[in-house]
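S.K.: No sequence on hand, only this structure:
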């Protein structure tokens with residue numbers, strides 16, 4: 001199975017940024033662990049701080065991957081364009097968030113993406129990525 005993980009703004013700083021909220025694992029650590037645990041499956045990755053690049057990557061994923069694991073970070077709560085991109089593609093998307101967005105500031109409680117995703121996982125640290133991969137592999 002081929003899966004794509006797409007990470008949005010500031011997630012390139014994982015391991016450095018606010019470790020009490022996001023932990024100490026870097027994106028490279030997370031990917032290495034997933035690729036080791038799910039040998040035989042392809043797990044590609046893309047990260048950008050630029051909304052348009054995230055949209056382009058969602059478009060590229062359509063018809064190529066069995067699933068997309070998407071952490072849109074702060075764009076989750078603000079981006080109609082990313083919402084439309086998720087709605088426009090046929091590949092299933094799981095929304096993930098390392099922190100519990102419902103235990104944070106009020107503006108983070110609303111996800112524009114969720115209605116267009118097959119599921120949403122938040123608040124379980126970097127394990128959200130493994131849980132999303134596990135869902136797709138189990139299908």
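M.R.: Looks like it arrived, so ask away. Being a predicted model, the structure only gives us computed values, none of them experimental.

S.K.: Please count neighbours and contacts with C-alpha atoms only from this point.
M.R.: Will do.

S.K.: residue boundaries of the strands in the protein?
M.R.: 2-7, 42-47, 67-71, 93-97, 119-122 (DSSP state E).

S.K.: can you tell which of these is closest to residue 84?
M.R.: strand 93-97 (12.6 Å; C-alpha to C-alpha).

S.K.: Provide the strand pairings for the closest one, with the direction of each partner.
M.R.: strand 67-71 (parallel), strand 119-122 (parallel) (DSSP bridges).

S.K.: quick one: that strand to strand 2-7, angle?
M.R.: 40 degrees (axes from the mean of the first three to the mean of the last three C-alpha atoms, to 10 degrees).

S.K.: hmm, back to that, out of the strands paired with strand 93-97, which one sits most buried?
M.R.: strand 67-71 (a mean of 26; mean count of other C-alpha atoms under 10 Å).

S.K.: Could you list the residues in contact with it?
M.R.: Outside strand 67-71, the residues that touch it by C-alpha atoms under 8 Å, 6 or more residues apart in numbering are 2-8, 61, 91-97, 129, 132-133, 136.

S.K.: Write a ChimeraX command that selects only the buried members of those residues.
M.R.: The buried subset of the contacts of strand 67-71, as determined by 16 or more other C-alpha atoms under 10 Å, is captured in ChimeraX by this line:
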select :3,4,5,6,7,8,61,91,92,93,94,95,96,97,129,132,133,136
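
S.K.: need the strands of the chain in CSV with mean pLDDT, can you?
M.R.: Listed next are these as CSV, based on pLDDT from 0 to 100:
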stretch, mean pLDDT
strand 2-7, 98
strand 42-47, 98
strand 67-71, 98
strand 93-97, 97
strand 119-122, 97
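
S.K.: For the ones you listed, give me CSV that also has distance to residue 105.
M.R.: Shown next, in CSV, are these (distance: least, C-alpha to C-alpha, whole Å):
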stretch, distance to residue 105
strand 2-7, 21
strand 42-47, 24
strand 67-71, 18
strand 93-97, 14
strand 119-122, 15
